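K.L.:
Fold the following and give me the result.
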Amino acid sequence: MRNRPMRSGFSLAEILVALVILSVIVMGLASTTTTFLHETTLDNVRVRASTAADTRIAEVEGWPDYSALTSFNETKSNYPDVGFTRTTTIVRDTTPATGCNSPPFLPCPNSDITRVTVTVIGPGLVSPVSRTVAITAF
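P.N.:
Below is the predicted model of the structure:
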């Protein structure tokens, strides 16, 4: 038998196995990157919707005339972005509080409560973004 000289390099099978392993790794990274970008986009939409709701709450809370708060009831389309709808619902509750020690003919202190709910819906939101705050007359 003759001694054959050793060849350096890789066989075709080794190269194919290395390519398959590399392909699996690259596909996994591509999938992870796509998922990350999708979630980042959804978070960006949620942040914009939350900011729109928080801005409206701050606007209502800062209004100086408590008795005119119900004038903020509205639905506004394309705010702050195209496709978003912001709905402001204001409900004033003047029923006497339960457990009040005052006579029945007098209202309880702080029995005038206004609940402000702002809801934002739009494309890219899985569920509506909603903020609620209670404001009392003082």
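K.L.:
mind checking the SS state of T89?
P.N.:
strand (DSSP: H, G, I helix; E, B strand; the rest coil).
K.L.:
Burial check on G122, number of neighbours?
P.N.:
Applying other CB atoms under 10 Å, we find 21 residues neighbouring G122. From N, CA and C alone the C-beta is placed, and that goes for glycine too.
K.L.:
contacting residues for the residue lying closest to it once chain neighbours are set aside?
P.N.:
Distances taken as CB to CB, 6 or more residues apart in numbering place F84 nearest to G122, at 3.7 Å, with adjacent residues excluded. F84 sits next to R48, A49, A52, S77, N78, V120, I121, G122 when contact means CB atoms under 8 Å, 6 or more residues apart in numbering.
K.L.:
filter those residues to the buried ones?
P.N.:
For the contacts of F84, a burial check counting by 16 or more other CB atoms under 10 Å picks out R48, A49, A52, V120, G122.
K.L.:
What segments of the protein are strands?
P.N.:
74-77, 85-93, 113-121, 129-136 (DSSP state E).
K.L.:
Which of the contacts of F84 scores worst on pLDDT?
P.N.:
Minimum pLDDT for these is recorded at N78 (88).
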